[in-house]
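Asker: Using only what follows, build the 3D model:
(2 chains)
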Amino acid sequence: MTVGGGFSDPRVAFQQAERVRRAGIAALVVLLLLAARFFDLQVLHVRDYRQRALAQSSRAVTLLPERGLIVDRNGELVVGNQPGYRLRFYPDLATSSAATWQFLERHLTRVPRDLRERFEYAVRRRPYRPETLVDLLARDDLARVAAHGREYPELRIETVPLRRYPWGDLAAHLLGYLGEINDTELEQYADLNLYAPGDIIGKLGLERQYDPLLFGTKGKRTFRVDAGGRIQQLIHEDPARPGWNLVLTIDLDVQQAAEAALGERRGAVVAIEPNSGDILAIVSRPSYRPDLFIGGISHENWERLRSDPGHPLEYRPVRGQYPPGSTFKPLIALAALKEEVIRPDETIYCPGYYRLGRRVFRCWRPGGHGKVDLHRALVESCDTYFYEVGRRLGIERIAAYARLFGFGSSTGLDLDVEKHGLVPDPDWHERTGRGPWQEGDTLNVAIGQGSLLVTPLQLARFYGALATHGQLPAAHVRHHFEDKGRPAVIDPPPLAGGRTVDYPESLYAPVVEALEDVVSARHGTGGWARIRGVRVAGKTGTAQVVRQHTRDQELDTHLRDHAWFAAWAPVDNPRIAVAVIVENGGHGGSAAAPVARKVIEAWLDKVGLR
Amino acid sequence: MNSRVLIPAVGLMMVGLVAVYTASMPLALTRYDSEYYFVFRQLLWMAVGLVAFFAASRFSLKFWKMIAPVAFLTLLVVLGVMDLAGIASVHKGAGRWIRLGPLNIQPSEFARPVFVLLLAKLLSSQMFREDRPPADRYVTLMGVSGLLIILVGAQPDFGGAVLLGLVLLVFLWLSGAPWQLLTGVCGAGAIVAWQVIISSPYKRGRVLAFLDPWADAQAYGFQLVQSYLALGSGGLTGRGLGLGVQKLFYLPEAHTDFILAVIGEEVGLVGTLLVLALTGWLLFEIWRLATRCTTDAFARYVVTGALLLFGFAALINLAVVTGLAPTKGIALPFVSYGGSTLVASLGLLGILHRIERDLGGVA
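Answerer: Next up is the predicted model:
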């Protein structure tokens, strides 16, 4: 068959056939090279390319864990959770920030005062970092943004875990509150690898102290997205693990009794279980409602709290430092017995004052107590007796015993805000530019005045040590964490260790007997703390606010003395030690002792001892 | 049907059908609301192509030789008009297509078989007898070839023009053209290519991106990087058919020029080697047919031309997908989505089938 021209020249035909063959071989070689290239790309580099492809085509959404609850020692809810919504702004997703702002102006009604600043800050300073515009969206605003905000991908409504406080302002200072994490905190917690900008964390109190445990572990939902960012499918879900529940040592009933007993008065109550150091109630009044802080406190509310003359933000039981007044006398008595500067039955004459050189130190009873021994001195709180004993002891020994029983240092409380009070000594006096220590200073300290300062918590713990003949456990509010089998980000930090006071067991008896009579004897100053059928021991105290020679009733309320009462019960089987201070409350016996009584009753009712 | 060249082509088309379906699914759903939009059209074009195949095989080789100049002139007119309209038109790239009812036709695709037929006719004609001086022989040839290549390139179909240029070059070599001509063509091609590349920032960017795609992964390098990611994440056996990620608008031209990347991602090395093997088989069958054409120069040139067209197209496509050549826009024969290519290719195969039949029994 020949169609058209054949090959005229066999040589050409041969050459062509040869060249076609060569072309075929070349093609074969090329195909093999391509196969090698495929092998190289697909098999040798598969891991790298897969990773890169995954990185560009997946989007992770963080799942926020439910925050751990805070419950009292019986499991009663103290702080719960509720869902809330906030408005976040992603500046890099905005096509026109002016349009976004217009939208916000049109649709939001209840906004933070600094909305404009927040917005501009995000646009100008941090174009790649989302900013919270509204911490807590009002219900109407939420509906409006949800309905009209579809064209604004830069605005996102995000659920935030919010706290719920079923008991109002109860223990507000202890519990603390939440807020958005700031740059300092981000840095501080960087090692935990737990937080991201925008997270809501504990800002104060226990919420802050135990945040990494309460916070839980975030989860992650990874979606496959197309090049336009639209979600295609769920690839992987790593669920968030809720935070651990914090079980407090606090007993809600005791706490409520204490809060109610103090009422509208300013002051503090600390109730502690003497053997374990468990804090059963810890009250600071006036208080504030922690829900004011939900979604960020408003400027007005913050100013109101700050400028309130009652200082509601002050955490009195652990940060309030007061002269202990006569509640300190049992310590002087213990020191004196051990140092043998006086025998229990030795009497000192009280004419109503004590003369030291040219200075006169007054007893609280102008007419004097007459001849008093240790027992009567404590029961009737004779100042003259303790002036003399204090002088005999000297400040160095007083300071040493005060420190031995836990004054002037941390009680080990698992809340880092604790203040340590002040146990003065000559060293301190000179160091701080107060000049040389005078014997008169010693006399003031001997009756719990002068520059001696204690916190209500330290005092309660001291009375616990009296009750237990020397047990000085670390005070704590954390009973335990309920882990429910979930691993924690960090282990709960160990609680501080307690100690036993190195003081002879037998020497407690005279002091303890006297303190029981303070409450039960006819002339005792603490009769208001008497409980039928329960042996209560305690001591009243009055901390001077101003040096005075006037009667309290004639003074302005805020210049009146602070009223103290510290006690424990039952005397022979101590289950609770309490310290109460009522600021400017006047006399400890009438102002503070009834509060202590109610707290003790609440607890003894609970443990079935009344 | 007893056609050795058709069988591997059908194999490639089957692979292509599955690949087009999976690769085009996201686009089809998004743009046309039906995942079958592209695969349905491809199927339709296959039917048309098979009709073209059998129709082409019914006409004698003599007819094809006769019709070649007519087809060439028709094509010249069509492309010329389109180029002029394209220059006048504001729409970019609109010049490549002609709308025929629901179907779009790309005439520059048909330029390929027509070009092969024309060159085969010229090279096997009396004019090319050995005793004629080279200048006589090659002037017409170079003239018509240059004209067609320029018109195709102006469509714009740069890849198509390169393809035709390569076919021309090899044909010249096979016809025993003097080396001066060969180097001259090479030189001219290089200069034209260089001019085209530096004249357009778009093409320049593509070439530069080819040299280092990662440096420019968000713009010009994007396509190549995405192709790497697709192929590379396939591994030995792939993510699984339909489970590819890159086609979710990351990889541009997923169902057309870069369809092999999708195959590589979803079916892995197994898939790419299967395509490579089928292509190799097809080229082998065509090559064998070429070696059997010992008596008829026209037939031999036609078969060799088909070999070059499919071979170079496949080579360029695969090289582009694997980052061995800059992006040009050449479909993978019989696999990529595209009606005109398919019909033109199957038509050419039909002519080869005729030659097969004419040669009689299998060697």
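Asker: Give me the pLDDT for the most centrally placed residue in chain B.
Answerer: Nearest to the geometric centre of chain B sits B:Ala313, at 4.5 Å (CA atoms, centre = their mean). For B:Ala313, the pLDDT comes out at 95.
Asker: who in the stretch 201-350 of chain A is up against chain B?
Answerer: Counting by CB under 8 Å from any CB of the partner chain, the stretch 201-350 of chain A comes close to chain B at A:Arg224, A:Val225, A:Asp226, A:Ala227, A:Gly228, A:Gln232. The C-beta positions use only the backbone N, C-alpha and C, and glycine is treated the same way.
Asker: Now the last one: which helix or strand?
Answerer: Taking DSSP states H and E as the criterion, A:Gln232 maps to strand A:231-238.
Asker: what comes up buried for whatever helix or strand comes next after that strand?
Answerer: As assigned by DSSP H and E, the chain's next helix or strand after strand A:231-238 is strand A:245-248. Buried residues in strand A:245-248, counted by 16 or more other CB atoms under 10 Å in any protein chain shown: A:Asn245, A:Leu246, A:Val247, A:Leu248.
Asker: Among those, which pair sits farthest apart?
Answerer: A:Asn245 and A:Leu248 (10.1 Å; CB to CB).
Asker: Now tabulate the buried residues of strand A:245-248 in a markdown table and tack on pLDDT.
Answerer: Listed next are these as a markdown table, based on pLDDT from 0 to 100:
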| residue | pLDDT |
| --- | --- |
| A:Asn245 | 93 |
| A:Leu246 | 94 |
| A:Val247 | 95 |
| A:Leu248 | 96 |
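Asker: could the residues you listed go into TSV alongside distance to A:Asn74?
Answerer: Shown next, in TSV, are those (distance: CB to CB, whole Å):
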residue	distance to A:Asn74
A:Asn245	13
A:Leu246	14
A:Val247	9
A:Leu248	10
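Asker: of those residues, closest to B:Thr341?
Answerer: A:Asn245 (67.8 Å).
Asker: Identify the bridge partners of that closest one.
Answerer: For A:Asn245, the beta-bridge partners are A:Glu482 (DSSP bridges).
Asker: Touching, A:Tyr152 and A:Ser97? I think so.
Answerer: No - counting by CB atoms under 8 Å, A:Ser97 is not a contact partner of A:Tyr152; they are 10.7 Å apart.
Asker: Mind checking which of those two has more residues around it?
Answerer: Between A:Tyr152 and A:Ser97, counting by other CB atoms under 10 Å in any protein chain shown, A:Tyr152 is the more crowded of the two (20 against 17).
Asker: what's the helix or strand for the residue in the stretch 301-450 of chain A that chain B sits nearest to?
Answerer: Residue of the stretch 301-450 of chain A nearest chain B, by CB to the nearest CB: A:Trp302 (46.6 Å). Using DSSP H and E, A:Trp302 sits in helix A:299-307.
Asker: Name the residues of that helix that come out as buried.
Answerer: So helix A:299-307, judged by 16+ other CB under 10 Å, has buried residues A:Leu305.
Asker: what about it, average pLDDT?
Answerer: Mean pLDDT, computed over helix A:299-307, is 90.
Asker: Likewise for stretch B:35-46?
Answerer: 93.
Asker: Please save the CA atoms from that stretch in CSV.
Answerer: C-alpha atoms of stretch B:35-46 as CSV (Å, rounded to 0.1, in the frame of the first residue of the first chain):
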residue,chain,number,x,y,z
GLU,B,35,-20.8,17.7,41.9
TYR,B,36,-21.3,16.0,38.5
TYR,B,37,-21.1,19.2,36.5
PHE,B,38,-17.6,18.7,35.1
VAL,B,39,-17.6,14.9,35.0
PHE,B,40,-20.9,14.9,33.1
ARG,B,41,-19.5,17.3,30.5
GLN,B,42,-16.3,15.3,30.2
LEU,B,43,-18.4,12.2,29.6
LEU,B,44,-20.3,14.1,26.9
TRP,B,45,-17.1,15.2,25.2
MET,B,46,-15.8,11.6,25.4
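Asker: Point me to the residue sitting closest to the centre of chain A.
Answerer: A:Gly205 (1.7 Å).
Asker: pLDDT wise, what is that residue at?
Answerer: 93.
Asker: what's the neighbour count on the nearest residue to it once chain neighbours are set aside?
Answerer: Spatially, and ignoring its direct neighbours in sequence, A:Gly205 is nearest to A:Gly176 (2.2 Å; CB to CB, 6 or more residues apart in numbering or on different chains). Number of residues near A:Gly176 (other CB under 10 Å) recorded here: 26.
Asker: Over to A:Gly310?
Answerer: Counted with other CB under 10 Å, A:Gly310 comes out at 14.
Asker: That one and A:Arg265, how far apart?
Answerer: 10 Å (CB to CB, to the nearest Å).
Asker: Could you grab the helix/strand/coil label for the spatially closest residue to A:Phe361 that is not a sequence neighbour?
Answerer: Among residues not flanking A:Phe361 along the chain, A:Tyr354 sits closest, at 4.4 Å (CB to CB, 6+ apart). Each residue gets one of three states, and A:Tyr354 gets strand by DSSP: H, G, I helix; E, B strand; the rest coil.
Asker: Return the residues in contact with A:Tyr354.
Answerer: Going by CB atoms under 8 Å, 6 or more residues apart in numbering or on different chains, A:Tyr354 touches A:Val360, A:Phe361, A:Arg362, A:Cys363, A:Asp383, A:Thr384, A:Tyr387, A:Glu388, A:Leu443.
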